[in-house]
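Trainee: sequence and predicted structure are below.
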Amino acid sequence: MKRAWIGWSAVAGLALLAVGTWIGLFVAPAERHMGDVQRIMYVHVPSAWIGMVCFTAAFVFAILSLWSGRRVWDDRLVGAVEVGVVLNALLLVQGSIWGRATWGVWWDWDVRLTTSLVMLLLFAGVLALRRLADDEGRRASWSAVATIVGYVDVPLVYFCVRWWRSLHQVQSTPETVDPAMALPLRLNAIGLLLVAIWMASRRARLEGARRIAESAAPPARVVSEEVARA
Amino acid sequence: MRLARQAWLIFRKDLLLEWRGRARTVSVLLFGVVTLVLFSFALGPEAEPLRRGAAGFLTLALLLSSVLGLNESFRLEQEDRALEGLLLRPVEPTALFYGKALGSAFLLLLLALILVPAAVVLYDLSPTPAGLLQLAGLWALASAGLAAPGTLYAAITGRLQSQDVALPLLLFPLVVPVLLGSVKAMDLVLTGDPMHQLRSWALLLAGFDAIYWSVCGILFPFAIEES
Amino acid sequence: MPEGVIVGGWSYVIAAYGITTTVLVLYVISLFKRAAVTAGEAPDDH
């Protein structure tokens, strides 16, 4: 029942993304100083928001995973972290392209981008840790611990980097959003959110299926293969 | 308080073991010095770039050495399954965490005794006595900032095959605030602080320490539980 | 052309949107592929 809901809202999300992108690219006015390049914002800002939503959800799932001990929360954590990592990586690429266009450099230690880079490393680390753990229970606890510890770090990193940068010249991406620009931004944000929820829930289901496949008797199959070969 | 007493006993035990196996601790100290020298080769031999980078080199040497020390802190427990023995005794996992984290922080602090003089020599620094005290304080804050999450992650990665790469992989992004804070603050001490920013950076380090010494203590039991 | 406007900005915009769309599509495809692989490994499957 719930899966159907998520699936259909993802379709709606895609529609919203299509409409929002269309408006953003062709209807909304060009920004005064940057011209058309600024249209990257309509995919960049939603990616940032929804990436953050994913990691926040992962944080909540991590707490629930430790508190309840139920593996389903671990599955959902994986979904949220993986989708968050994908969006964050995209965020960095988009930001780099935008930076190249406006400032001529591929990277300039912008506060938000730098924080996103550290976030990417933190949460990619959670995923890497999972691959190294072979016991299901430990994998779940460790992922949750690493997620919580990493998430708590995010505001610290943000303030730190902001302060670090304020000692140098500050070039931040412009914030002012004129109302004509707000609409495609919001459409894309909601659209991306719906699509992200669908991707994360599919990933969670995949993790659940893997868990079950993993704990089902592989040794028996190995033995039968041995017998068949003999 | 039982918890405090247990933590203290574990702290003492770890220090005693370190003293007995002090060849390894000495090796970590030497490693720190080697790192400082490598930075000189990479960025020297002009004195000015070295002087300007001194705070960064010191912090990085601390960070790299910490990984060696942290990996060690749980390796001992892995041998003969000592960790399970400890937990059965019964030692509160939280006490175990604080005892070990204190031990690691203490050892990192010890590094300062060798590395700061080495840096003064190699990078031609001239800190005032007050400056040296400030450096010591900052080093303590940075060591604490590395020790808490480091101990938590060492407990996790100690169980893994590829533990030696997993620990830095997890720890380094996490301690970016410690890295930035330590470098900036030490730099202010060494090269002057016209706008009195030192206190703010020190408070940031202290804040990081406060947050992580509590959060990691709370999470530690989950990290070592056998499910 | 007003001062400060970046000419030829469209190539950057296309690059950004293009990469984003491509990566998301590839990710979704990978989700389906991995699901198929896991279903193949399921215990009731000989």
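Mentor: Nice, thanks for sending it over.
Trainee: rest of the way, CA atoms for contacts and neighbours
Mentor: Noted.
Trainee: how close does residue B:184 sit to residue A:14?
Mentor: Taking Cα to Cα, to the nearest Å as the measure, residue B:184 falls 46 Å from residue A:14.
Trainee: point out where the chain drops to low pLDDT.
Mentor: All of this is about chain A. Where chain A drops to pLDDT under 70, the residues are A:1, A:167-177, A:217-230.
Trainee: um, chain C though
Mentor: Short version for chain C, where the test is pLDDT under 70: C:1-8, C:41-46.
Trainee: is the strand or helix carrying residue B:57 positioned near chain A?
Mentor: Under DSSP states H and E, the secondary-structure element containing residue B:57 is helix B:47-78. No - using Cα under 8 Å from any Cα of the partner chain, helix B:47-78 stays clear of chain A, coming no nearer than 13.4 Å.
Trainee: the helix or strand hosting residue A:96: what's the following helix or strand?
Mentor: Residue A:96 is part of helix A:71-103, with elements assigned from DSSP H and E. Remark: after helix A:71-103, the chain's next helix or strand is helix A:111-132, criterion DSSP H and E.
Trainee: for that next one, list every residue counted as buried.
Mentor: Within helix A:111-132, the residues that count as buried by 16 or more other Cα atoms under 10 Å in any protein chain shown are A:111-127, A:129-130, A:132.
Trainee: what's the following helix or strand past that helix packed up against?
Mentor: Once the chain leaves helix A:111-132, the next helix or strand it forms, by DSSP H and E, is helix A:136-166. Packing partners of helix A:136-166 (3 or more Cα pairs under 8 Å, 6 or more residues apart in numbering or on different chains; DSSP states H and E): helix A:41-68, helix A:71-103, helix A:111-132, helix B:176-191, helix B:198-224.
Trainee: by contact count, what packs against the helix or strand following helix A:136-166?
Mentor: Later in the chain than helix A:136-166, the nearest helix or strand by DSSP H and E is helix A:179-215. Helices and strands touching helix A:179-215, by 3+ Cα pairs under 8 Å, 6+ apart, are helix A:2-22, helix A:41-68, helix A:71-103, helix C:10-40.
Trainee: tell me which of those lies nearest to chain B.
Mentor: Nearest to chain B, of all the helices and strands packed on helix A:179-215, is helix A:41-68, at 7.3 Å by Cα to the nearest Cα.
Trainee: what about that closest one, near chain B?
Mentor: Yes - using Cα under 8 Å from any Cα, helix A:41-68 reaches chain B at residue A:66.
Trainee: which of the helices and strands packed on helix A:179-215 sits most buried?
Mentor: The highest average neighbour count among the helices and strands packed on helix A:179-215, using mean count of other Cα atoms under 10 Å in any protein chain shown, belongs to helix A:71-103 at a mean of 23.
Trainee: I'd like the distance between residue A:191 and residue A:13.
Mentor: Counting by Cα to Cα, the gap from residue A:191 to residue A:13 is 4 Å.
Trainee: and residue B:8, by the same measure?
Mentor: Relative to residue A:13, residue B:8 is positioned 56 Å away (criterion: Cα to Cα).
Trainee: now swap in residue B:224 and tell me
Mentor: Relative to residue A:13, residue B:224 is positioned 42 Å away (Cα to Cα).
Trainee: so does the helix holding residue A:96 get close to chain C?
Mentor: Yes - Helix A:71-103 comes into contact with chain C (Cα under 8 Å from any Cα), by way of A:86, A:90, A:93-94, A:97-98, A:101-102.
Trainee: just those residues now: which is nearest residue A:77?
Mentor: Taking Cα to Cα as the measure, residue A:86 is the one of the residues of helix A:71-103 next to chain C closest to residue A:77, at 14.2 Å.
Trainee: in contact with that closest one, which residues?
Mentor: With contact set as Cα atoms under 8 Å, 6 or more residues apart in numbering or on different chains, residue A:86 has these partners: residue C:24.
Trainee: redo that, cut-off 10 Å
Mentor: A:47, A:51, A:120, A:124, C:20, C:23-24, C:27 (Cα atoms under 10 Å, 6 or more residues apart in numbering or on different chains).
Trainee: what do you get for residue A:61?
Mentor: Going by Cα under 10 Å, 6+ apart, residue A:61 touches A:55, A:67, A:72-78, A:80, A:144, A:147-148.
Trainee: what residues does stretch B:29-45 touch?
Mentor: Under Cα under 10 Å, 6+ apart, the answer for stretch B:29-45 is B:23-28, B:46-47, B:49-51, B:53-54, B:56-66, B:68-69, B:107-108, B:110-119, B:122-123.
Trainee: what about the spatially most central residue of chain B, which SS state?
Mentor: Geometric centre of chain B, nearest residue: residue B:143, 3.7 Å, by Cα atoms, centre = their mean. Using DSSP: H, G, I helix; E, B strand; the rest coil, the structure places residue B:143 in helix.
Trainee: against residue A:147, how distant is it?
Mentor: In terms of Cα to Cα, residue B:143 sits 23 Å off from residue A:147.
Trainee: so who does residue A:120 touch?
Mentor: By Cα under 10 Å, 6+ apart, residue A:120 lies in contact with A:51, A:81, A:84-89, A:91-92, A:114, A:126, B:173.
Trainee: rewinding a little: isn't the residue nearest to the centre of chain B right up against residue B:66?
Mentor: Yes - using Cα atoms under 10 Å, residue B:143 makes contact with residue B:66 at a distance of 8.3 Å.
Trainee: what's the overlap in contacts for the two?
Mentor: Common contact partners of residue B:143 and residue B:66 (Cα under 10 Å, 6+ apart): B:104-105, B:107-108, B:111.
Trainee: need the residues you listed in CSV with pLDDT, can you?
Mentor: Shown next, in CSV, are the shared contacts of residue B:143 and residue B:66 (pLDDT from 0 to 100):
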residue, pLDDT
B:104, 92
B:105, 94
B:107, 91
B:108, 93
B:111, 92
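Trainee: could I get those residues as TSV with distance to chain C, secondary structure and neighbour count?
Mentor: Putting these into TSV (distance: Cα to the nearest Cα, whole Å; DSSP: H, G, I helix; E, B strand; the rest coil; neighbours: other Cα atoms under 10 Å in any protein chain shown) gives the following:
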residue	distance to chain C	secondary structure	neighbour count
B:104	42	helix	27
B:105	42	helix	25
B:107	45	helix	21
B:108	43	helix	26
B:111	46	helix	23
